[in-house]
Structures are given as structure tokens and as C-alpha cells.
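A.B. asks: Structure, please.
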Amino acid sequence: DRDAGVICRQLGLGEIGTALQHSQFGTGSGLFHYERLGCRGDEGSLSDCRSRTFVTGDCSHGNEAGLLCAPPEAALLCAWWGGEEDFEGRVEVFHKGRWGTVCDDQWDDSDAEVVCRQLGFGGLAKAWSWAHYGQGSGPIMLDVVQCTGNELFLGQCRHGDWEQHNCDHMEDAGVSCSPYTDGVVRLVGGDSPWEGRVEVLHNGDWGTVCDDQWSEQHAQVVCRELGY
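C.D. replies: This is a model prediction of the structure:
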């Protein structure tokens, strides 16, 4: 949705975009230009998205991206920021023309499950508190969100009045919708996808690996697991 929002802004169609996949508006023809945009969400145009990568031949027609640009009067919209992966980050909601954060009072995995569903992610929903994905800025829009876990979007959950709270940004709520299982590894912080700090997932949390007796043989196992 961050990529979609940048495109909507560039086209003068508002600030909010919803990303659609799998050629929902039909297949195109000709060349693909981008494989990944990686926009932060605050850029003025696609050319400002510094993480964009050009197609390497993996895309085929039937996988074209689409989007919907939502007017400011749209129902409660939800997005996230600050995560290292596309499926995690600080939760922010859009209300009356402004984005704001959610306080983590009573924030739990049922709330996270609704956020994951609204944003189109499956996987294991996990709630994070105490600004796990960094502190936001601007208004704190919601507090005491109480979802059952069955709602389709966050606006259907019980919550306090808009912008009524006793919180600061140290309590910004976050969510991860991890598609991974325990023991999965990833590389973080490198200049390219095939290098970086090794991290392992355990009980929903990513952690590092100590380098005691770390050898080239261990590195080969990690590279093999990641398909390199």
C-alpha cells in the first residue's frame, strides 16, 4: 500500500492507495520495468523510491500490479511503517485527512489478526507494543482497541473515541504477519540480498546468532537454505 500511495500522490488522486496484485485490471503487454518499488510511502513520485529494482526476468504477464486510490472520506484505512519486512511494522490509521498511530493499551494478537486480514496478509499475526517498530509522529488516533479477531477491518473493532488517549508515542502499537515458521533464517543489513547479518525466527521473534565457532561451513548451510 505504500507503493500505491506514492503513485496516487504522483497522479494527484489523493494520499491513500490500496495495492492490488495478480492483474486485477487485466493483463498488459510489452516490457516490465519494475520488479520491486520499496517505497517508504512519503515520496512524491516513483522516481524518489530509492529501493526500486528493475526487472530481472522473473515477472510474467498475469502478475501486473494495480491499485485503487481512495478519497479522504474513505472508511478507516490502515497501513504500517518501520518494519524490515513488508509484512510487519508500526500500525497507522487514516482519519479525517490525517495519518496517526494506535496506542498499545489492550493491544493483543486478536487486534493484530484483524490488521493482517485488512492488509491482505496471512501468516502468524503477532501484536507488538512499546514502539517495537519505532515511534511515530503526529496524532495518536486510537486507544483501547478491542477486536475479537473476526472483524474484516480495524474500523469494526471496539475502540475509544478518536484522538482520546493517555499515551505517548513510546506506546505505538505494531503488528507482524509472519509467513515464516520457527527456524527460518534471513539476512539483514547487507548492501545486497545475498549478504548480511544472520537472524533466526523463534516463537515469533527474530534474533541474531553468536559467532562463537562460526565457520564457512555454517555460512554455506545458510546460503543453501536461502537458495544462493
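
A.B. asks: Could you use CA atoms for every contact and neighbour count after this?
C.D. replies: Will do.

A.B. asks: ok, which stretches of this structure are helices?
C.D. replies: According to DSSP state H, the chain carries its helices in the segments 2-10, 109-118, 216-225.

A.B. asks: For the ones you listed, which has the smallest mean pLDDT value?
C.D. replies: Among the helices of the chain, helix 2-10 has the lowest mean pLDDT, at a mean of 84.

A.B. asks: just checking, what packs against that one?
C.D. replies: Packed against helix 2-10 by the contact rule (3 or more CA pairs under 8 Å, 6 or more residues apart in numbering; DSSP states H and E) you find strand 16-20, strand 66-70.

A.B. asks: Residue 45: which of those strands is closest?
C.D. replies: Residue 45 lies closest to strand 16-20 among the helices and strands packed on helix 2-10, at 13.2 Å (CA to CA).

A.B. asks: List the neighbouring strands of that closest one plus their orientation.
C.D. replies: Using DSSP bridges, the strands paired with strand 16-20 in its sheet are strand 66-70 (antiparallel).

A.B. asks: in the partner strand, what's buried?
C.D. replies: 66, 67, 68, 69, 70 (16 or more other CA atoms under 10 Å).

A.B. asks: In CSV, list the C-alpha atoms belonging to stretch 182-200.
C.D. replies: Coordinates of the C-alpha atoms in stretch 182-200 are reproduced here as CSV (Å, rounded to 0.1, in the frame of the first residue of the first chain):
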residue,chain,number,x,y,z
ASP,A,182,10.4,-21.4,13.6
GLY,A,183,14.0,-21.9,12.4
VAL,A,184,13.7,-19.8,9.3
VAL,A,185,16.8,-17.6,8.6
ARG,A,186,17.1,-14.2,7.0
LEU,A,187,19.9,-11.8,6.1
VAL,A,188,19.6,-8.2,7.4
GLY,A,189,21.6,-5.0,6.9
GLY,A,190,23.6,-6.0,3.8
ASP,A,191,24.1,-3.9,0.6
SER,A,192,22.6,-6.8,-1.5
PRO,A,193,20.1,-9.6,-0.9
TRP,A,194,22.8,-12.2,-0.6
GLU,A,195,24.7,-10.8,2.3
GLY,A,196,24.0,-9.5,5.8
ARG,A,197,23.7,-10.3,9.5
VAL,A,198,22.2,-13.7,10.1
GLU,A,199,18.9,-13.8,12.0
VAL,A,200,16.7,-16.8,13.0
